[in-house]
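Asker: Could you look at this predicted model? Sequence included:
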Amino acid sequence: MTEEIEARADGLIVRVRVQPRGSRDALEGRAGGRLRVRLTAPPVDGAANEACRSLFAKLLEVSRRDVELTSGHKSRDKTLHIKGDATALAARLEGLLGASG
């Protein structure tokens, strides 16, 4: 796959860099080995973490419970585990990245 997206038997590992308090929730592209994500939520009381999970659930059309934050709870650099068919999820994510930039 790529440095940002890693296939596993039970889904994908996705490495992201979050920019909280943005003007909109959006997947912005790639930078420095991570996917750039802009969120409207502030980095307070886990709001940005939940917004990040919700954004990926919506973009990849999976349940929010299938998107788990595995590291970076208090950092802009986060790692998500997204459960499901890794090939299908990766293809959908790459399609979104191609459309966004």
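Answerer: That came through, no problem. What you are looking at is a predicted structure, and each value in this text was computed from that prediction instead of being measured.
Asker: Point out where this protein drops to low pLDDT.
Answerer: When residues are selected by pLDDT under 70, those of the chain lie in 100-101.
Asker: Keeping just the C-alphas, turn the longest strand anywhere in the chain into PDB.
Answerer: Taking DSSP state E as the criterion, the chain has its longest strand at strand 11-19. Provided in PDB are the C-alpha atoms of strand 11-19 (Å, rounded to 0.1, in the frame of the first residue of the first chain):
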ATOM      1  CA  GLY A  11      -8.900  -3.900   8.000                       C
ATOM      2  CA  LEU A  12      -6.600  -0.900   7.500                       C
ATOM      3  CA  ILE A  13      -4.200   1.000   9.600                       C
ATOM      4  CA  VAL A  14      -4.400   4.700   8.600                       C
ATOM      5  CA  ARG A  15      -1.900   7.300   9.900                       C
ATOM      6  CA  VAL A  16      -3.300  10.900  10.000                       C
ATOM      7  CA  ARG A  17      -2.200  14.400  11.000                       C
ATOM      8  CA  VAL A  18      -5.200  16.300  12.300                       C
ATOM      9  CA  GLN A  19      -5.700  20.100  12.100                       C
END
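Asker: Note down every partner strand of that strand and its orientation.
Answerer: In the sheet, strand 11-19 lines up against strand 5-8 (antiparallel), strand 34-38 (parallel), strand 77-83 (antiparallel) (DSSP bridges).
Asker: can I get those strands in TSV with distance to Leu59 and mean neighbour count?
Answerer: No exception for glycine: its C-beta is placed from N, CA and C like everyone else's. Converted to TSV, the strands paired with strand 11-19 look like this (distance: least, C-beta to C-beta, whole Å; neighbours: other C-beta atoms under 10 Å):
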stretch	distance to Leu59	mean neighbour count
strand 5-8	13	15
strand 34-38	10	21
strand 77-83	10	19
